[in-house]
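Trainee: got a predicted structure here, sequence first:
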Amino acid sequence: MKNAYFGEFGGCFVPELLMPPLLEVEAAMRDVLPTMEFKIELEDLLHNFAGRPTPLTYCPTLSRELGFHLWLKREDLLHTGAHKINNTLGQALLARKIGKTALVAETGAGQHGVATAAAAARLGMDCTIYMGSEDVARQAPNVVRMKLLGARVHSVESGTRTLKDAINEALRAWISSQASTHYCFGTAAGPHPFPTLVKYLQSVIGRETRSQLLEKTGKLPDAIVACVGGGSNAIGLFAPFLEDADVRIIGVEAAGTGEPGCFNSAPLNLGAPGVLHGNRTMLLQNNDGQIEPSHSISAGLDYPGVGPEHAWLHKTGRVRYGMVKDDNALAAFHRLCKAEGILPALESSHALAYVLNHPQEFAPDSSVIVNLSGRGDKDLDIVVKAGEM
Ligand SMILES: *Cc1c(COP(=O)(O)O)cnc(C)c1O
C-alpha cells in the first residue's frame, strides 16, 4: 500500500481478512476516481441531487460586531443537512463502478447513516447501517429516516453500545460480505485508504470556498476554521489551502463541559498516540491504552479518535487545533440564529464559537471563513433542554 501514512500517523492495522477489500478500494481509487466518466457522474449527483455548489455567505451583522469579515461555507444547505452526502455519494458511486451492489456503514448520531441510506437509494444499492443500541434509542428520528430510505438498521449491543462499537461491528460484517459489499466509512479516519478517499471526496468544500472568495474579494482568506470530529469536513475545507502559508488554518475540538477531568472529544489536545479502528492516531485512552468514553453536546463530534492526517497536521503545527466547551458552542448557536438568520448544527457551532471567543486573533478587515458543516434542526431538542430560550 502506498501513501498509507501521514508522518507517523495512519496505516492499515486490520485483520488479514480485511486486506482484500481495502486493497480493492485502493485500486478503485487509482483506476476509477480519476476517470472523466466518474468525475462527470459524481459532479452531476452533487449538483442535481445534493445541491452543490453551496453558497459562501457573508455575515454582515457579526462582521460589523467583530471588526473583521466573517464568511460561512454553507454545507448546511446540502441534501440531508450536512457535508456527509459529499462522501456517501462519492463512495456509493465508486462502489457501484467496481461491481458492488450493497453498502454497509456505521453511524453514531445517525447523520452518516441517513446520508449513506440516501446515496444507496439513489444509486439502487442495498444498505445496512450499524448503530449502537444506545444511539438507536437516543436518535430515534434518524432511525426512522434511514428505514424510510430503505436501509436496514442493525442495533449493536457490544461495548458501550455507541459509535466505536458500531464501527467494530460494521468492519466485522464487511469481512463476510466483501464480495458484494462496500464499507462506506463516514469520516476521514479508519484504515488506509479511507482517510485519503474521504479527504478526496470532501475537498470539494475547500475548492469551492477558494474560488468563491477569490471571485468575491480577489484574495485568499486570512483564516479558515472548521470543527473536528473524525475530521472529514475539516480536512475537506483545509486540503486545498495547506500549501498556502499565509492562510491560517484552525481546527476546533469539543472540550465537553470544561470541568476538570470531564469527558471530552478533544484527542488532539488531550489524548495520546495509539491505534484504533485500523489507524495510528491521537486517542482518548487510559494509561493501559484502553479507549476512554468521549463526550460532546454535539453528537457528531463525540468520537474518542480523530483522522490521522489531523494528528500529523497538529504535530507539524501547520494547523492549530483549539477547543470549545459545550456552553460556548450553545451561545454561538444562539448568536448566529439571531444575528444572521441561520440555525447551525451544534458541531459547526464549535467552529463558530472559536472565532466569536477569540476575536483578537483576527486582524481588522481580515477575511475569516467558518465551515458551517450542517444545519441545526436536528439539535432542537438539545437546545431546548439546555434552556436559554
Ligand atoms: C458528522 C458531523 C460532523 C463531524 O464529522 P467530521 O467527520 O469531523 O466532519 C460535523 N458537523 C456535522 C454537521 C456533522 O453531521
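Mentor: Here it is on my side, so go on.

Trainee: what's near enough to touch the closest residue to the ligand within the stretch 251-389 of the chain?
Mentor: Residue of the stretch 251-389 of the chain nearest the ligand, by CB to the nearest ligand atom: G374 (2.3 Å). Any C-beta I mention is one placed from the backbone N, CA and C, and that applies to glycine too. By CB atoms under 8 Å, 6 or more residues apart in numbering, the residues touching G374 are 75-76, 81-84, 111, 300, 344-345, 347-348.

Trainee: go on, L336?
Mentor: Counting by CB under 8 Å, 6+ apart, L336 has contacts 59, 62, 342-344, 349, 352.

Trainee: output the set of residues of this protein in proximity to the ligand.
Mentor: Neighbours of the ligand within the chain, by CB under 6 Å from any ligand atom: 82, 84, 111, 187, 227-234, 300-301, 345, 347-348, 373-374.

Trainee: from the contacts of G374, which has minimum pLDDT?
Mentor: Ranked by pLDDT, these bottom out at G300 (91).

Trainee: and for it, nearest residue in space, chain neighbours not counted?
Mentor: E347 (4.2 Å; CB to CB, 6 or more residues apart in numbering).

Trainee: what's the neighbour count on the one you found?
Mentor: Neighbours of E347 under the rule other CB atoms under 10 Å: 33.

Trainee: surely it is in a strand?
Mentor: No - counting by DSSP: H, G, I helix; E, B strand; the rest coil, E347 is not found in a strand; it is helix.

Trainee: surely it meets I297?
Mentor: No - between E347 and I297 there is no contact, the gap being 9.5 Å when judged by CB atoms under 8 Å.

Trainee: for stretch 35-48, which positions count as buried?
Mentor: Of all the residues in stretch 35-48, those buried under the rule 16 or more other CB atoms under 10 Å are 38, 41-42, 45-46.

Trainee: same check on stretch 118-132?
Mentor: For stretch 118-132, by 16+ other CB under 10 Å, it's 118-120, 122-123, 125-132.

Trainee: ends of that stretch, what's the gap?
Mentor: 20 Å (CA to CA, to the nearest Å).

Trainee: pLDDT on that stretch, on average?
Mentor: Mean predicted confidence for stretch 118-132 is 98.

Trainee: hey, C-alpha coordinates of the particular helix or strand that has E106 in it in PDB?
Mentor: Assigned by DSSP states H and E, E106 belongs to strand 102-107. Only the C-alpha atoms of strand 102-107 are listed here, as PDB (Å, rounded to 0.1, in the frame of the first residue of the first chain):
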ATOM      1  CA  ALA A 102     -24.600  -3.200  -1.300                       C
ATOM      2  CA  LEU A 103     -23.300  -0.700   1.200                       C
ATOM      3  CA  VAL A 104     -22.600  -1.200   4.900                       C
ATOM      4  CA  ALA A 105     -21.900   1.700   7.200                       C
ATOM      5  CA  GLU A 106     -21.600   2.700  10.800                       C
ATOM      6  CA  THR A 107     -23.400   5.600  12.300                       C
END
